[in-house]
Every structure is written in structure tokens, then in C-alpha cells.
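Trainee: Give the three-dimensional model of this entry:
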Amino acid sequence: MAERRLPAVVARMWGRETNSRHGPRPSLELGGIVDAAIRIADREGLVGVTMSSVATQLGVATMSLYRYVGSKDELLVMMADAATPEPPPLGGRAWRDYLTDWTRANRDFLLARPWLLALDQRTPPAGPRSLRWLDRALATLAGTGLSHGERITIATVLTGYAAQQAALAHAMNANPATDDDSIAGLAEYGEILGQVLDPDGYPALTAAVRANAFGAAEQWIDDADFTFGLNLLLDGIEALIARA
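Mentor: Got it, this is the predicted structure:
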């Protein structure tokens with residue numbers, strides 16, 4: 001059976017392009033283009049990243065970029081991988097200790113670069129850096145008795161949790177809107193729910209609102225809420241390992 005041809009963006013990220021380029025000697029390098037785009041995103045968010053803005057940053061014509069990048073969508077995929085730091089080193093630690101640090105580090109780099117959360121994750125990770133995160137998560141679960149599929153699912157769930165928590169933190173810390181319809185924080189959200197909820201239709205949620213559950217959650221210090229949720233997930237993984 002013939003080997004499937006690599007998608008162009010995957011081939012570029014792994015240095016596996018085979019098509020020869022004709023014409024003048026290249027004046028740019030792919031890494032420099034991606035770095036320039038990341039600098040723009042760090043400064044202006046994804047809205048500022050266009051092929052023309054990247055070209056301006058590099059002092060070249062926009063069309064010259066297409067010799068290295070097939071489209072803006074390809075550039076965004078490469079930016080996401082290049083902006084991802086290295087995962088925490090394994091260091092022979094127990095799987096639970098490692099996955100705690102792994103998930104926290106995942107959340108932290110998303111907090112540092114919120115534009116990563118805005119990228120539409122339409123395909124699974126395929127770049128060298130993002131796949132190292134997956135590899136390390138699978139490695140720490142080796143010897144637990146879990147199947148390869150279960151280990152991949154665990155890594156996916158923890159990645160999703162890190163992203164959800166980072167998105168929530170960004171939403172809570174964002175500058176409130178100036179219009180009267182804006183909701184400033186969880187406490188105010190709870191107050192609004194208290195005005196619209198029907199206790200007969202939403203009995204459990206009404207009870208939580210009356211107990212000031214949302215206001216109390218807003219008062220948690222540091223990242224206690226993140227740790228609480230993460231421990232719920234890790235307890236479930238521990239139970240799964242015990243059954244295995």
C-alpha cells in the first residue's frame with residue numbers, strides 16, 4: 001500500500017518538503033516568517049496577523065511569503081506549534097506528580113499567549129513541539145496497565161481542561177465592557193441568575209445561587225479552583241489504573 005502523502009503544512013513543520021524551488025535563491029527562512037507572525041500576535045492578537053502585516057514586519061513583498069507558506073491558515077498552524085514551549089521533563093516522577101505539572105504548564109503557556117486559544121483546532125496536533133507534549137504524557141503513563149488508546153484519551157482530556165481553565169481565567173480577567181449589559185465577574189453572574197431562574201424548573205441551580213456558590217467561587221485564592229478540578233480528573237485516572 002502506497003504511503004500517504006504528507007499534508008503540505010505537516011511536511012513544512014517537519015522539514016520534509018521534497019518539492020524543489022526554482023528561481024532566485026531564497027531570501028527568507030520559514031522559521032523567521034513564523035517568528036515574525038508570533039511577534040505580531042503577541043502584540044496585537046490574531047486580528048493583527050495577516051500575510052501583508054507579516055511581510056511588512058520582514059520588509060518584503062507579501063507575495064514572496066507564499067514561496068514558504070501556502071496560506072494564512074498554514075501559517076496559523078505553524079505559529080501554534082512554534083509558540084508552544086517544551087513540556088516539563090519527565091525526571092522519573094510518578095505519573096500523578098508529572099501530569100499535575102504537565103497540565104499546569106499547559107494552562108500557563110495558554111495564559112501567557114491568549115491568542116493561542118483563539119485558533120480553531122480543526123485538526124489534531126501534528127507539529128514537533130505539540131507532539132512532544134503528547135509523547136511525554138503517554139510516557140509517564142507507561143507501566144500503569146492502561147492501553148495506548150486510554151492514555152491518549154487521558155492526555156486529550158487534560159489538554160482540554162487546561163485550555164478551558166485558561167479561557168475562563170482570561171474571561172474573568174478581561175477588562176469589563178463599558179456598556180450596561182456587561183457582566184463583571186461570577187458574583188454578578190450569580191445575581192443575574194437569581195433574578196431569572198424558576199425554582200421549579202431549575203431547583204438545583206437555584207439552590208446553588210441562593211447559597212452564593214458563584215460569589216464564593218470568585219473569592220478562591222491563587223489557582224485553588226484549577227487544582228480542585230484537576231484533582232477530580234486525576235482521581236478518576238487513578239481509579240481507572242486501579243481497575244486495570
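Trainee: which is the next helix or strand following the helix or strand bottoming out on mean pLDDT in the chain?
Mentor: In the chain, the helix or strand scored least confidently by mean pLDDT, DSSP states H and E is helix 213-218, which has a mean of 65. With elements assigned by DSSP states H and E, the helix or strand that comes after helix 213-218 is helix 224-243.
Trainee: Does anything pack onto that next one? Which helices or strands?
Mentor: helix 95-112, helix 148-173 (3 or more C-beta pairs under 8 Å, 6 or more residues apart in numbering; DSSP states H and E). Where you see a C-beta, it was placed from the backbone N, CA and C, and this is true even at glycine.
Trainee: Give me the pLDDT for the residue sitting nearest the centre point of the chain.
Mentor: With distances taken as C-alpha atoms, centre = their mean, the residue of the chain nearest its centroid is Ala163 (4.9 Å). We note a pLDDT of 93 for Ala163 in this prediction.
Trainee: dump the residue contacts of it.
Mentor: Taking C-beta atoms under 8 Å, 6 or more residues apart in numbering as the definition of contact, the neighbours of Ala163 are Asn106, Arg107, Leu110, Leu117.
Trainee: before we move on, what about Arg104?
Mentor: Applying C-beta under 8 Å, 6+ apart, the residues near Arg104 are Ala162, Asp223, Phe226, Leu230.
Trainee: Am I right that the first one is in contact with Asp101?
Mentor: No - look at Ala162 against Asp101 with C-beta atoms under 8 Å: they stay out of range, at 11.6 Å.
Trainee: Mind checking which of those two has more residues around it?
Mentor: Remark: of Ala162 and Asp101, Ala162 carries more neighbours, 22 against 15, as counted by other C-beta atoms under 10 Å.
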